[in-house]
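In: coordinates only, sequence not included:
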């Protein structure tokens, strides 16, 4: 009847639309400092799995508060402050607080920046800097503790510097400690290569042996990994990652991560009649860690005078696993669950997209050993990462990070999941805002 009246008065009814909520946390905060880290430690699905296993799972009987603010007048700087501690505060327990003040040269490129870190624990004052030149692929970075409560003991207390090269298919780099009294050159070195859907890499970290020649030959100083991954890297398209790693010849790690973008019918009386569906984001991850051997803590890998002792077998974690899943049903609600051999956790987060946005989370932790359940709470206030709610271009077929999208090309067939034709599947992200495009193709 509405269509008939619309045709009679010369007006066409509005086209059907699909709700596409913005993601809770994209790009991840860890991606802002990824140029300070080894590519080996971030690839093979590790960055995505860390967010799936850690975000919003607050520690039992603890609270966590995070404030992320950016001034309107100068978008090149921002402040991230955190405060965490026990809910039932005791004199022997401390409340931890720290803050980052950050400046980056390009608003849309987080790889060249300087930040200043302050904390009520060591290091009390620390600065980090990174300069990356995408045209040539070369970068340099450094982490320098400036003030410490205690004397400088470890090599890292004197500062770390590094050089790296990155392209779409290759990442190579090394870190050194120029002010350390120990002769550890390099402190860390890595090489990662990508060939189609396959990614392989090795990493060297000298921890065993007294002489450089012996350190290079000791397999316990080497780690290797291989991974298979498909997907554009944008959260608006599905992705799949599987990885195998042999860490220091004594630990085998198998991991799996999948990000799924699905759509379902929606009948919401608060929405307009032309709203016919909504997009959901589902993530699933699995990680298995198996110890391959045991060491004798009474001996070192070289001689008794060597300070690099082989770890006590009691300090090496037993074989373990963890499984986690998350479901973002709309722009406001996120549900996550995690299961492990010692405990299980369930988390719920509610986000209000004000300016700044406000997120409240609660997590329940079930201890399988003692059989008790405890709760943790978290609060986040942020205006660093913004969400777009503009109306989509009628000529642009889903997907873009806007609130409403034309549902052209959607076949709502009974018993079948609605399929969408999108430029995203072809790798065309010209119509997608920067915050939801894939991370720059740098290994």
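Out: Now that the structure is in, tell me what you want to look at. Note that the structure is predicted; figures quoted are calculated from it, not measured. Numbering: from 1, shown residues only.

In: scan the chain for its longest helix.
Out: Secondary structure assigned by DSSP state H gives helix 46-54 as the longest helix of the chain.

In: what strands line up against the following helix or strand past that helix, and which way round?
Out: Using DSSP states H and E, the helix or strand that follows helix 46-54 in sequence is strand 62-69. Sheet partners assigned to strand 62-69 using DSSP bridges are listed as strand 77-86 (antiparallel), strand 373-382 (parallel).

In: before we move on, back to that, what residues does the longest helix of the chain touch?
Out: The set of residues external to helix 46-54 that reach it, using CB atoms under 8 Å, 6 or more residues apart in numbering, is 25, 28, 30-31, 34, 241, 243, 255, 257, 259, 283, 285, 287, 322, 324, 326, 336, 338. C-beta here means a position set from N, CA and C on the backbone, and glycine is covered the same way.

In: again, only this time at 7 Å
Out: Outside helix 46-54, the residues within contact range by CB atoms under 7 Å, 6 or more residues apart in numbering are 25, 28, 30, 241, 255, 257, 283, 285, 287, 322, 324, 326, 338.

In: roughly how far apart are the residue nearest to residue 32 when sequence neighbours are not counted and residue 361?
Out: With CB to CB, 6 or more residues apart in numbering as the criterion, residue 32 has its nearest non-adjacent residue at 4.4 Å, and that residue is residue 110. As judged by CB to CB, to the nearest Å, residue 110 and residue 361 stand 25 Å apart.

In: burial measure for the residue nearest to residue 32, as a count.
Out: Residues lying near residue 110 (other CB atoms under 10 Å) number 21.

In: for it, pull up the helix or strand it's in.
Out: Going by DSSP H and E, residue 110 is in strand 109-119.

In: re the thing from before, in helices, which of the contacts of helix 46-54 fall?
Out: Per DSSP H, the contacts of helix 46-54 never map to helices.

In: which residues in the stretch 151-300 of the chain form helices?
Out: Secondary structure of the stretch 151-300 of the chain by DSSP state H, counting those that start in this stretch: the helices cover 212-217.

In: tell me the contacts of residue 85?
Out: Counting by CB under 7 Å, 6+ apart, residue 85 has contacts 62, 63, 93, 94, 95, 96.

In: from these, which two are the most distant?
Out: The span of these, defined through CB to CB, is set by 63 and 94 at 13.5 Å.

In: those two - which one has more neighbours?
Out: Just comparing residue 63 and residue 94: by other CB under 10 Å the higher neighbour count belongs to residue 63, 17 against 13.

In: excluding its backbone neighbours, what's nearest that one?
Out: Nearest to residue 63 is residue 377, by CB to CB, 6+ apart, at 4.9 Å.

In: do the same with residue 287
Out: residue 255 (4.5 Å).

In: any idea how far residue 53 is from the one you found?
Out: 10 Å.

In: and the two? which has more neighbours close in?
Out: Counted by other CB under 10 Å, residue 255 and residue 53 do not tie: residue 255 has more neighbours, with 22 against 17.

In: let me see the mean pLDDT of stretch 71-89.
Out: In this model, stretch 71-89 has an average pLDDT of 90.

In: start the count at 527 instead of 1 going forward.
Out: Renumbered: residue one is now 527, and that last one reads stretch 597-615.

In: and the longest helix of the chain, average pLDDT?
Out: Here the average pLDDT along helix 572-580 is 92.

In: same check, this time on stretch 810-825
Out: Taken as a whole, stretch 810-825 has a mean pLDDT of 75.

In: and stretch 654-664, by the same measure?
Out: Stretch 654-664 comes out at a mean pLDDT of 92.

In: what does that stretch rub up against?
Out: By CB under 7 Å, 6+ apart, stretch 654-664 touches 561-562, 637-641, 643, 665-669, 691-693.

In: what's the local residue count around residue 777?
Out: Neighbourhood size, residue 777 [other CB under 10 Å]: 17.

In: now do the contacts for residue 886.
Out: 876, 905.

In: element containing it, please.
Out: With DSSP H and E as the test, residue 886 turns up in strand 883-893.

In: what's across from the residue nearest to residue 589 in the sheet?
Out: Here residue 903, judged by DSSP bridges, has bridge partners residue 589, residue 888.

In: how about it, what does it touch?
Out: So residue 903 contacts 584, 589, 888 (CB under 7 Å, 6+ apart).

In: quick one: these as JSON lines, columns for distance to residue 544 and pLDDT too.
Out: Formatted as JSON lines, these follow (distance: CB to CB, whole Å; pLDDT from 0 to 100):
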{"residue": "584", "distance to residue 544": "33", "pLDDT": "93"}
{"residue": "589", "distance to residue 544": "37", "pLDDT": "94"}
{"residue": "888", "distance to residue 544": "30", "pLDDT": "96"}
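
In: which of those sits closest to residue 879?
Out: residue 888 (19.3 Å).

In: from residue 763, how far out is the closest one?
Out: 31 Å.

In: swap in residue 806?
Out: 14 Å.

In: how near is residue 762 to residue 547?
Out: Per CB to CB, residue 762 is found 11 Å from residue 547.

In: actually residue 663, not the one I typed
Out: Residue 663 is 36 Å from residue 547, by CB to CB.

In: the two: who's more crowded?
Out: Under the criterion of other CB under 10 Å, the comparison of residue 663 against residue 547 puts residue 547 first, with 22 against 16.

In: ok, back up a step: who's more crowded, residue 888 and residue 763?
Out: residue 763 (18 against 15).

In: quick check: the more buried one touching residue 757?
Out: Yes: assessed by CB atoms under 7 Å, residue 763 is found in contact with residue 757 at 6.1 Å.
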